[in-house]
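J.: fold the following.
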Amino acid sequence: MLSLALSLGALAQAQSVNLTGKITNQAGKAIANAIVALTPLGLKDTTGADGSYMLVSGSTAIQPSQSARSMDFRNGVLEINLGQSASVKVEVFDTKGARLSSDVFQNTASGIYRMDFAKRSMGTGIRLIKVTVNQSTTTFRYAPMTGSARVGSSSFDPQGAVLARVAAATDSIKVTASGYKPKTVVATSLTSIINVSLDTNLSTDRWGGLNNAPIKSAGCGKALGVISKSGTYHISSAGGRGDYIVDVPTNYDKDKPYRLIFGNHCMGGSAARVAEAEKGTAGDDLSGFYSIKTMMAKDNIPGIYVALQGNGNGTWNLPDDSKFWNDVLTLVENNMCVDTTRVFVTGFSFGAMFSYVLSNTYPEKIRAVATYAPANYNMTQPTNRHIPIAYFQTTGTNDGTCPWVNNDGQKTGGKYCLLQHMQDNGCTSTASDIKLATSSTHVVNEFKGCKEGYPVKFSSFQGGHQAVHTDPGTNFSWIEKEAWSFFKQF
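T.: Modelled structure (predicted):
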């Protein structure tokens with residue numbers, strides 16, 4: 001704030017740029033590292049962890065004059081006579097219509113003011129001076145060597161289009177952030193609080209639509225080498241622990257991009273149990289990559305399947321587990337022919353927790369996730385960047401291990417895994433729209449308003465902590481069928 005002396009001895013205040021606010025997503029969550037720019041004035045700031053920004057700049061004071069008409073501009077001097085308090089804005093443009101500077105004086109008291117442009121660094125060439133007093137605007141042409149003259153759209157040849165751009169110029173801030181659509185917001189005042197909500201960048205170009213053409217990985221065209229056949233392999237990841245099993249399609253074709261499915265085992269489980277044939281020796285609900293392999297085979301769709309091995313107790317809770325998964329993904333994509341737009345992840349219990357963590361850590365790399373009895377605790381949760389990902393979940397209403405609600409105050413439990421992805425995917429359905437099973441037949445929720453290509457689906461059943469469930473009158477589990485149906489749509 002700079003003092004402005006008046007010929008009458010009164011005092012007015014020159015308002016500097018002082019824009020503050022917060023950048024959030026549609027769910028109201030703060031967005032860190034967003035770039036907020038007041039482009040015409042060259043001001044820029046990056047939001048902190050709380051999403052806040054601040055754009056601050058000083059301005060040049062209008063000096064007092066002993067005599068003046070209501071507004072005049074001669075010999076490089078702008079004179080304004082205010083009969084009453086007003087807001088004054090003075091902007092400078094070049095002959096291409098680009099704004100070079102902007103000075104704002106809010107609530108300026110009545111009196112006579114003077115701004116000497118001859119004493120300012122204006123560069124060379126003709127300048128256009130746009131003066132706005134409240135809602136009234138006047139434009140002047142200024143040539144440092146010859147003085148100035150008031151201009152209109154017909155007297156400034158050949159710059160009618162330039163004057164149109166000058167007349168239309170407004171102060172605005174542009175906000176950009178990774179994973180979000182850029183947004184420009186008009187600043188009606190340069191001393192105000194402007195909060196901006198960004199929409200997730202949901203262009204279908206990310207995947208190319210539901211039925212997009214495959215995109216081949218770097219391993220396409222290469223003969224099998226590092227991974228030569230189905231079997232167990234090791235990668236130097238996860239603190240020395242890095243065993244994983246790869247299931248290679250029969251008659252593998254190095255030029256055909258395959259779907260890639262990751263199956264994450266539960267606590268006490270193993271990669272071997274996930275990878276064994278459907279109804280194999282263990283005969284449990286983990287085998288056959290949660291029956292996804294069997295479902296795909298019935299539809300004559302071959303795929304590459306990967307099962308990672310957790311720690312000695314069959315759990316997933318080490319800080320580098322996510323890196324372990326990403327390292328294996330990179331290795332497989334670099335050495336085998338994978339459709340990079342169709343990478344899927346599924347898991348039960350602790351494997352569902354891990355799958356949920358991966359959905360928030362690598363949403364750009366995973367097309368869809370299916371979780372059976374997930375939870376958002378007992379594992380280190382990544383910072384959710386609120387990037388959408390297609391998501392399917394099942395939870396039993398009587399699950400005491402990974403309950404539907406663990407703690408409402410802390411927002412933990414399967415309910416909050418689901419709500420998080422509903423919000424991130426922009427679904428218009430809310431928590432009140434979620435239907436839980438009230439009979440022995442499972443209930444399907446397909447939520448409305450989700451962004452194109454990013455559906456969210458939830459199936460509830462009256463049961464406990466389980467990855468299989470059979471409805472009355474049937475002899476098969478509907479869970480794997482719904483999970484494969486969810487994946488297959490892509």
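J.: tell me the SS of Met295?
T.: Here Met295 is helix, with the state taken from DSSP: H, G, I helix; E, B strand; the rest coil.
J.: ugh, typo on my part, it should be Val405
T.: With three-state DSSP as the basis, Val405 sits in coil.
J.: what sits closest to the residue nearest to the spatial centre of the chain if chain neighbours are left out?
T.: Taking C-alpha atoms, centre = their mean as the criterion, Gly179 is the residue nearest the geometric centre of the chain, at 3.2 Å. Among residues not flanking Gly179 along the chain, Ile387 sits closest, at 4.4 Å (C-beta to C-beta, 6 or more residues apart in numbering). To be clear about C-beta, it is placed using only N, CA and C from the backbone, and glycine gets the same treatment.
J.: same deal with Ser70?
T.: Nearest to Ser70 is Asn81, by C-beta to C-beta, 6+ apart, at 5.0 Å.
J.: still on that earlier bit, hmm, the residue nearest to the centre of the chain is touching Asn384, no?
T.: No. Gly179 lies out of contact with Asn384 (C-beta atoms under 8 Å); the separation is 10.8 Å.
J.: where does the stretch 1-150 of the chain have low pLDDT?
T.: The model of the stretch 1-150 of the chain has pLDDT under 70 over residues 1-16, 27, 39-41, 58-69, 145-150.
J.: just checking, what packs against the top helix by length along the chain?
T.: In the chain, with assignment by DSSP state H, the single longest helix is helix 321-335. Secondary-structure packing of helix 321-335 (3 or more C-beta pairs under 8 Å, 6 or more residues apart in numbering; DSSP states H and E): strand 258-264, strand 303-308, strand 338-348, helix 350-361.
J.: who's in contact with the nearest residue to Thr95 once chain neighbours are set aside?
T.: Of all residues not flanking Thr95 in the chain, Ile126 sits nearest, at 5.4 Å (C-beta to C-beta, 6+ apart). Shown in contact with Ile126 (C-beta atoms under 8 Å, 6 or more residues apart in numbering): 94-95, 141-143.
J.: hang on, Gly288 is in a helix, isn't it?
T.: Yes. Counting by three-state DSSP, Gly288 is located in a helix.
J.: just the buried members of the contacts of Ile126?
T.: 94, 141-142 (16 or more other C-beta atoms under 10 Å).
J.: so which of these belong to strands?
T.: 141-142 (DSSP state E).
J.: ok, the buried ones among the contacts of Ile126 vs Trp404, which is closest?
T.: Proximity of those to Trp404 was ranked by C-beta to C-beta; the top entry is Asp94 with 62.3 Å.
J.: which non-adjacent residue is nearest that closest one?
T.: Using C-beta to C-beta, 6+ apart, the nearest residue to Asp94 is Leu100, at 6.1 Å.
J.: what strand or helix carries the one you found?
T.: Leu100 belongs to strand 99-108 when assigned by DSSP states H and E.
J.: could you do Cys402 as well?
T.: Applying DSSP H and E, one finds Cys402 in no helix or strand.
J.: next up, the contacts around it.
T.: 349, 352-353, 373-375, 395, 413-414, 465.
J.: now do 10 Å
T.: 348-350, 352-353, 371-378, 395-396, 413-414, 417, 464-465 (C-beta atoms under 10 Å, 6 or more residues apart in numbering).
J.: again, but for Thr380
T.: Contacts of Thr380 (C-beta under 10 Å, 6+ apart): 317-319, 321-322, 357.
J.: just the C-alphas of the helix or strand hosting Phe458, formatted as CSV.
T.: Phe458 belongs to strand 456-461 when elements are defined using DSSP H and E. Only the C-alpha atoms of strand 456-461 are listed here, as CSV (Å, rounded to 0.1, in the frame of the first residue of the first chain):
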residue,chain,number,x,y,z
VAL,A,456,-17.0,-47.4,-10.4
LYS,A,457,-18.9,-50.6,-9.4
PHE,A,458,-19.6,-52.1,-6.0
SER,A,459,-21.1,-55.5,-5.1
SER,A,460,-22.3,-56.1,-1.5
PHE,A,461,-23.3,-59.5,-0.1
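J.: intersection of neighbour lists for Gly179 and Asn384?
T.: Between them, Gly179 and Asn384 share the contacting residues 25, 363, 424, judged by C-beta under 10 Å, 6+ apart.
J.: returning to what we had before: tabulate the contacts of Ile126 (CSV), appending distance to Ser477.
T.: Shown next, in CSV, are these (distance: C-beta to C-beta, whole Å):
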residue, distance to Ser477
Asp94, 70
Thr95, 73
Arg141, 79
Tyr142, 79
Ala143, 82
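J.: out of those, who's nearest Gly409?
T.: For the contacts of Ile126, the nearest to Gly409 is Asp94 (57.5 Å; C-beta to C-beta).
J.: wouldn't that closest one be in contact with Ile129 here?
T.: No. Checked against C-beta atoms under 10 Å, the pair Asp94 and Ile129 is beyond contact range at 11.4 Å.
J.: between those two, which contacts overlap?
T.: In contact with both Asp94 and Ile129: 122, 166, using C-beta under 10 Å, 6+ apart.
J.: how near is the closest residue to Phe117 other than its chain neighbours to Gly97?
T.: Distance criterion C-beta to C-beta, 6+ apart; nearest residue to Phe117, sequence neighbours excluded, is Gly76 at 4.7 Å. Distance check for Gly76 against Gly97: by C-beta to C-beta, to the nearest Å, it reads 21 Å.
J.: neighbour count: these two, which is higher?
T.: Set Gly76 next to Gly97 and count neighbours by other C-beta atoms under 10 Å: Gly76 wins out with 20 against 17.
J.: in this structure, which spans are helices?
T.: Using DSSP H, helices in the chain cover 160-168, 271-275, 287-290, 292-298, 321-335, 350-361, 414-424, 478-488.
J.: from the shared contacts of Gly179 and Asn384, which single one is nearest Ser217?
T.: Checking the shared contacts of Gly179 and Asn384 against Ser217 with C-beta to C-beta, the nearest one is Pro363 at 18.2 Å.
J.: make sure the closest one is actually in contact with Tyr356.
T.: No. Under the criterion of C-beta under 10 Å, Pro363 lies out of contact with Tyr356, with a separation of 11.5 Å.
J.: between those two, who's got more neighbours?
T.: Set side by side, Pro363 and Tyr356 show more neighbours around Tyr356, with 27 against 24, by other C-beta under 10 Å.
J.: distance of the nearest residue to the more buried one once chain neighbours are set aside from Lys457?
T.: Take Tyr356 and drop its neighbours on the chain: the residue closest to it by C-beta to C-beta, 6+ apart is Pro374, 4.6 Å away. According to C-beta to C-beta, Pro374 and Lys457 sit 13 Å apart.
J.: what of Leu331?
T.: Distance check for Leu331 against Lys457: by C-beta to C-beta, it reads 31 Å.
J.: same question, Thr428
T.: Taken as C-beta to C-beta, the span from Thr428 to Lys457 is 15 Å.
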